[in-house]
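Enquirer: everything below, folded, please.
(chains A and B, ligands or ions: 2)
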Amino acid sequence: MATSHPSSELLEQLQTLSGQNVSDCYQCGCCTSGCPIGEAMDPPPSKAIRLLQLGKAQELLDSEGIWMCASCLVCGTRCPRAVDYARIAEACRALILRSKQSRVDPDTVTVPELEEIPQQAFIAAFRKSSV
Amino acid sequence: MTKYAYYPGCTLYTKARNLDLCARKAAEKVGFELTEMPSWNCCGAIYNATSDDLAAQVGPVRNLAKASQLGEKLVTLCAACYNVLKRVQDRLDQPGNEIESERLKTFVDEKFERSVKVLHYLEVLKNDIGWDRVKEKVTKPLAKLKVASYYGCLMVRPKEVLGFDDPENPQVMDDLMRVLGAEPTKFDFKAECCGGYLVVNRREVAKAASQKILDNARAWGAEAIVTTCPLCQYNLDKLRVLTDGSLPVFYFTQLLGVAVGLNLDELGLEHSAGDPAGFLRSKGLL
Ligand code: SF4
Ligand code: SF4
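Expert: Ligands and ions are numbered 1, 2, ... in the order given. Below you'll find the model as predicted:
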């Protein structure tokens, strides 16, 4: 039964965009323990999904964690419930980018290594974090 | 000599020229030829996994359409191009996706002749050429060089779509190293992420992830690392602090090149950190 939780529409959108059902997750923590960025990611995958289960989708959207995912797909590969968190993080980022809020402005990136970093990385990073 | 349509992608024309050059020369030595497909465009570098964003798929679809006019197979070398092109082709072919697929095909003004089999260079070596034939071409065996094969993420995941190798313990590059006379070492982080594109604005995170991989390879006794992705190569090679005894990071094509007798200027070693040429010399391989 759908409740009239303020966040339910947002959650619905995220589930549609990601093709994932957050209630499939039984919180085993397998995704978080394997995440190569897990220690630096706040919230890490399993906690992020828990937020969604608790109806706190906006909290996840406001978090740093969704921008830290490297799309390595380890979490989804190892999940015993076939939940792919990488797609959920992608959906969260997409919603923000679609409201025209860039996370990284390509014009302001001035890493000294600009000359060296393969452009494959720039294209990927900007596609994930800029409008 | 078998000819393959080849998609180099943006990075192999610039910052990973050494991967491209060496691969083409080594291919000729082992008996196949890479013919660059005409007027290709950027693959997008990363697969867009949202269900509705068709615009992000148009670039790769156009490449696939162009490639389909040339033949059944398209060879890639960069792990990111391989991942994107193969996943997009899979998305086009998925039963149930017919409407989306037709729409995408009409967006690109190119005739789609067939479903393209996107292959990685390593798959050509293994399945089309065969390890025996590769072995015949080895003139300078990598005499027991202890090599850790690092695959990273993009070659192996998602497994159901790429079907490249085991996502946790892939073997193809290890097999190639064995064929070349090297000794592939075991190591725990073969398919662990190097931090990927986070290097652009989260450099420290990518650095920590990459260092973990290098340390683990060394702990298993590796003398060198091989990879197939320009971004993995960069992160592993350039983010660390180089100290004596740092592992050199090679493209697998560079070690293949050494073994089949390419000369120094065909190996493109000058783009790497440290002194990989000196390392090879110390092993009697140059
Ligand atoms: S591995 Fe799967 S089931 Fe376990 S916590 Fe993560 S998403 Fe949930
Ligand atoms: S895909 Fe993202 S969240 Fe999942 S393991 Fe990799 S970095 Fe962590």
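Enquirer: any idea what sits nearest residue 82, other than its immediate chain neighbours?
Expert: I went with chain A, as the question did not name one. residue A:24 (7.0 Å; C-beta to C-beta, 6 or more residues apart in numbering or on different chains). In this view, the C-beta of every residue, glycine as well, is placed from N, C-alpha and C.
Enquirer: correction: the question concerned chain B.
Expert: Using C-beta to C-beta, 6+ apart, the nearest residue to residue B:82 is residue B:76, at 4.3 Å.
Enquirer: coming back round to it: residue A:80 is in contact with the residue nearest to residue A:82, correct?
Expert: No: between residue A:24 and residue A:80 there is no contact under C-beta atoms under 8 Å: 10.0 Å.
Enquirer: what is in contact with these two at once?
Expert: Residues touching both residue A:24 and residue A:80 by C-beta atoms under 8 Å, 6 or more residues apart in numbering or on different chains: none at all.
Enquirer: in chain B, mark out all the helices, start to finish.
Expert: B:17-30, B:55-68, B:79-93, B:98-107, B:121-123, B:131-136, B:159-162, B:172-179, B:203-219, B:230-238, B:252-259, B:264-267, B:276-282 (DSSP state H).
Enquirer: to ligand 2, which of these lies closest?
Expert: Of all the helices of chain B, helix B:203-219 sits nearest to ligand 2, with 9.0 Å by C-beta to the nearest ligand atom.
Enquirer: mind listing what the one residue sitting closest to the centre of chain A touches?
Expert: What sits nearest the mean C-alpha location of chain A, by C-alpha atoms, centre = their mean, is residue A:89, with 1.6 Å. Residues in contact with residue A:89, defined by C-beta under 8 Å, 6+ apart, are A:45, A:48, A:65-66, A:69.
Enquirer: correct me if wrong, but it is in a helix.
Expert: Yes: counting by DSSP: H, G, I helix; E, B strand; the rest coil, residue A:89 falls inside a helix.
Enquirer: sorry, back to before: mind checking pLDDT for the residue nearest to residue A:82?
Expert: As predicted, residue A:24 sits at a pLDDT of 98.
Enquirer: got the contact list for it?
Expert: A:81-83 are the contacts of residue A:24 under C-beta under 8 Å, 6+ apart.
Enquirer: ok, of the residues you listed, which come out buried?
Expert: Buried members of these, scored by 16 or more other C-beta atoms under 10 Å in any protein chain shown, are residue A:83.
Enquirer: now render the contacts of residue A:24 as a markdown table, adding secondary structure and pLDDT.
Expert: Listed next are the contacts of residue A:24 as a markdown table, based on DSSP: H, G, I helix; E, B strand; the rest coil; pLDDT from 0 to 100:
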| residue | secondary structure | pLDDT |
| --- | --- | --- |
| A:81 | coil | 98 |
| A:82 | coil | 97 |
| A:83 | coil | 98 |
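Enquirer: just the contacts of residue A:24 now: which is nearest ligand 2?
Expert: Using C-beta to the nearest ligand atom, the shortest approach to ligand 2 within the contacts of residue A:24 belongs to residue A:83, at 10.5 Å.
Enquirer: ok, the closest one - contacts?
Expert: Contacts here follow C-beta under 8 Å, 6+ apart; on that basis residue A:83 touches A:20-22, A:24-25, A:31, A:49, A:76.
Enquirer: same question, residue B:271
Expert: B:15-18.
Enquirer: how about a cut-off of 7 Å?
Expert: residue B:18 (C-beta atoms under 7 Å, 6 or more residues apart in numbering or on different chains).
Enquirer: quick one, helices of chain A?
Expert: Under DSSP H, chain A gives helices at A:8-18, A:30-34, A:45-53, A:57-61, A:65-68, A:74-78, A:85-98, A:119-129.
Enquirer: local confidence estimate at the residue nearest to residue A:92 when sequence neighbours are not counted?
Expert: In space, and not counting its chain neighbours, residue A:92 is closest to residue A:66: 4.4 Å by C-beta to C-beta, 6+ apart. At residue A:66, the pLDDT value in this model is 97.
Enquirer: is it true that residue A:66 touches residue A:90?
Expert: No: using C-beta atoms under 7 Å, residue A:66 is not in contact with residue A:90; the gap is 8.6 Å.
Enquirer: my read: residue B:192 touches residue A:36, true?
Expert: Yes: judged on C-beta under 7 Å, residue B:192 makes contact with residue A:36 at a distance of 5.7 Å.
Enquirer: the two: which has the busier surroundings?
Expert: Applying other C-beta atoms under 10 Å in any protein chain shown to residue B:192 and residue A:36 shows that residue A:36 carries more neighbours, namely 26 against 22.
Enquirer: excluding covalently adjacent residues, which one is nearest to that one?
Expert: Nearest to residue A:36 is residue B:193, by C-beta to C-beta, 6+ apart, at 4.3 Å.
Enquirer: now swap in residue B:59 and tell me
Expert: Of all residues not flanking residue B:59 in the chain, residue B:44 sits nearest, at 4.9 Å (C-beta to C-beta, 6+ apart).
Enquirer: same question, residue A:15
Expert: Nearest residue to residue A:15 in three dimensions, chain neighbours excluded: residue A:21, at 6.1 Å (C-beta to C-beta, 6+ apart).
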